[in-house]
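Visitor: sequence and computational prediction follow.
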Amino acid sequence: MPDFKISILGGTGGPFEHSTQCFMIRPVRKEDSLDSICIDGGVGLGSIARMLQYNPENRTVDDFYGDETAAGQPVEKYMDEKLLPNIVKGFPKTLHNRLNGNIAQKAMNIYQHIGEYYITHPHMDHIAGMIINSPVIFEPAVLSKKQILGLPFTIESMEKYIFNDIIWPQLSSNLLGRLELKSLLDQEVHISETIPEWDIVPFKVYHGSKVADKNIDVSSSVYIITNNITNNTILICGDLETDHTGPNERKLLDQVWTYLAENVKLENLKAIIIECSNSASVDERRLFGHLSSNKLLDELQTLRNKYNNPQGLSNLHVIISHVKMVYEDKDPRLIILEELRTLGNKRSGLENITFSVAVQGYTFII
Ligand SMILES: [Zn+2]
Ligand SMILES: [Zn+2]
């Protein structure tokens, strides 16, 4: 039985600002509740409203790379066929049934029940929607309280540079008491207050270096979410790059793979949502703190070796996000998907991974 309903409010790495990263997750077992958490907040209410307007029968993906008049590409192009039965366009019917009013009211109702945002890192494409949406917390008919959580480097930056009464009002002030910024501890289990059956573990990872000083690392996070009743687990990643090499470097991403192999049975690992910003054709020096398809396969190979399962990572769902929508003739998401499938097929133990794209506007039930 599936555990997680993951709605892709945004799943690219820009530069189009309407689809940057935000995943809204609800538990399958609580059909009678609207409660959710979000990983990142690149977009928000606008995306929720558009998803409420979708015709669920119209299973296309918005793309700007086809014929100008085309109504989008069929979703089958972006999904492994094994995952196709587990996706719905927009939100599942059970959620629609619980909402009343017009689209704006329904969207704000869904927003009201987002209890927690887990932010991977404070780059704009991961927080912009969440910030612009935040005054709705005080909307009288749909008052709510929210927590913004993350590792200290994220939360300290949000306090200092965003909710500072300059860039944005200090809505996190204790005087208002509705928006709480809360630091998490690296690699420590945090129990979600919104969905208490979820254990959430953050891991710090590398995400390139500063433009102005190449010697200073930029950090990001990944989150491992486990249902503490069923043990089913998903891994959701922010932007990241492979571990650095050198005498003083720490193995950060490697610790994530070790943790999974030691704590989560392969059959409980329901999906990995991970960035793959670039095609394998991009020069390694131009990855700017991100993965490319060949680098992602290297990481999956490491995970495969740690599990050391005779069947390899058989039937693991890998869903890629944060593709950079670059100047190309063809949708870059499809280029990268094809590379992952072709190159992955040649790697021992990775042949039976399913690769799909976290396309905006769909809900994955896994
Ligand atoms: Zn990003
Ligand atoms: Zn980033």
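Guide: That came through, no problem. Numbers count the residues shown, from 1 in each chain. Ligands and ions are numbered 1, 2, ... in the order given.

Visitor: need the pLDDT of the residue of the stretch 1-150 of the chain found nearest ligand 2.
Guide: For the stretch 1-150 of the chain and ligand 2, the shortest gap (C-beta to the ion) falls at His123, measuring 3.5 Å. C-betas here are computed from N, CA, C, even on glycine. Among the per-residue scores, His123 shows a pLDDT of 98.

Visitor: hang on, it packs against Leu240?
Guide: No: using C-beta atoms under 8 Å as the test, His123 is too far from Leu240 to be in contact (11.9 Å).

Visitor: between those two, who's got more neighbours?
Guide: Leu240 (31 against 23; other C-beta atoms under 10 Å).

Visitor: which residues of the stretch 1-150 of the chain lie near ligand 2?
Guide: Proximity of the stretch 1-150 of the chain to ligand 2, by C-beta under 5 Å from the ion, involves residues His123.

Visitor: now the helices for the stretch 1-150 of the chain?
Guide: Ranges of helices in the stretch 1-150 of the chain, per DSSP state H, counting those that start in this stretch, are 45-53, 93-96, 103-112, 128-133.

Visitor: the longest one relative to helix 45-53, how many degrees between them?
Guide: Relative orientation of helix 103-112 with respect to helix 45-53: 120 degrees, computed using axes from the mean of the first three to the mean of the last three C-alpha atoms, to 10 degrees.

Visitor: centre of the chain versus helix 103-112, how much separation?
Guide: Centroid separation for helix 103-112 versus its chain: 21 Å, with C-alpha atoms, centre = their mean, to the nearest Å.

Visitor: what do you get for stretch 106-118?
Guide: With C-alpha atoms, centre = their mean, you get 16 Å for stretch 106-118.

Visitor: between the two ends of that stretch, how far is it?
Guide: Start-to-end span of stretch 106-118 (C-alpha to C-alpha, to the nearest Å) is 23 Å.

Visitor: how many other residues sit next to Gln105?
Guide: 12.

Visitor: who's in contact with it?
Guide: Applying C-beta atoms under 8 Å, 6 or more residues apart in numbering, we find Gln105 in contact with Ala141.

Visitor: check Leu171 too.
Guide: Taking C-beta under 8 Å, 6+ apart, one finds 134-135, 137, 163, 178-179 in contact with Leu171.

Visitor: ok, now with 10 Å
Guide: Going by C-beta atoms under 10 Å, 6 or more residues apart in numbering, Leu171 touches 131, 134-135, 137-138, 146, 162-163, 165, 178-179, 181.

Visitor: not counting sequence-adjacent ones, nearest residue to it?
Guide: Nearest-residue entry for Leu171: Leu179, 4.9 Å, with adjacent residues in sequence omitted and distances by C-beta to C-beta, 6 or more residues apart in numbering.

Visitor: thought that neighbour was touching Ser144?
Guide: Yes: at 9.4 Å, Leu179 counts as touching Ser144 under the criterion of C-beta atoms under 10 Å.

Visitor: and for those two, which residues touch both?
Guide: 137-138.

Visitor: isn't the residue of the stretch 1-150 of the chain closest to ligand 2 up against Thr20?
Guide: Yes: in this structure His123 lies within contact range of Thr20 using C-beta under 10 Å: 9.2 Å.

Visitor: would you say Ser220 is within a strand?
Guide: Yes: Ser220: assigned to a strand according to DSSP: H, G, I helix; E, B strand; the rest coil.

Visitor: still on that earlier bit, okay, and the common contacts of His123 and Thr20?
Guide: Listed as contacting both His123 and Thr20 by C-beta under 10 Å, 6+ apart are 13-14, 40, 42.

Visitor: over to the residue nearest to Leu171: give its phi and psi.
Guide: Backbone torsions of Leu179, given as degrees, to the nearest 10, read phi -120, psi 120.

Visitor: also the one 4 residues further on?
Guide: For Ser183, the backbone dihedrals are phi -80, psi 140 (criterion: degrees, to the nearest 10).

Visitor: show me what the spatially closest residue to Ile131 that is not a sequence neighbour is bridged to.
Guide: Closest residue in space to Ile131, ignoring its immediate chain neighbours: Trp168 at 5.5 Å, by C-beta to C-beta, 6+ apart. Trp168 forms beta bridges with Phe163, as assigned by DSSP bridges.

Visitor: wouldn't Trp168 be in contact with Tyr161 here?
Guide: Yes: between Trp168 and Tyr161 there is a contact under C-beta under 10 Å: 9.5 Å.

Visitor: SS state for Phe153?
Guide: Classification of Phe153 by three-state DSSP places it in helix.

Visitor: what comes up buried for stretch 196-204?
Guide: By 16 or more other C-beta atoms under 10 Å, the buried positions in stretch 196-204 come out as 198-204.

Visitor: swap that for stretch 221-231, sorry
Guide: Buried residues in stretch 221-231, counted by 16+ other C-beta under 10 Å: 221-227.

Visitor: so which of these are in strands?
Guide: Secondary structure from DSSP state E places 221-227 of the buried residues of stretch 221-231 in strands.

Visitor: what is the nearest of those residues to Lys214?
Guide: Nearest to Lys214 among those is Ser221, at 21.7 Å by C-beta to C-beta.

Visitor: Glu328 and Ser293, how far apart?
Guide: Note on Glu328: its distance to Ser293, by C-beta to C-beta, to the nearest Å, is 14 Å.

Visitor: what does the stretch 201-350 of the chain have sitting close to ligand 2?
Guide: Proximity of the stretch 201-350 of the chain to ligand 2 is confined to Asp239 under the rule C-beta under 5 Å from the ion.
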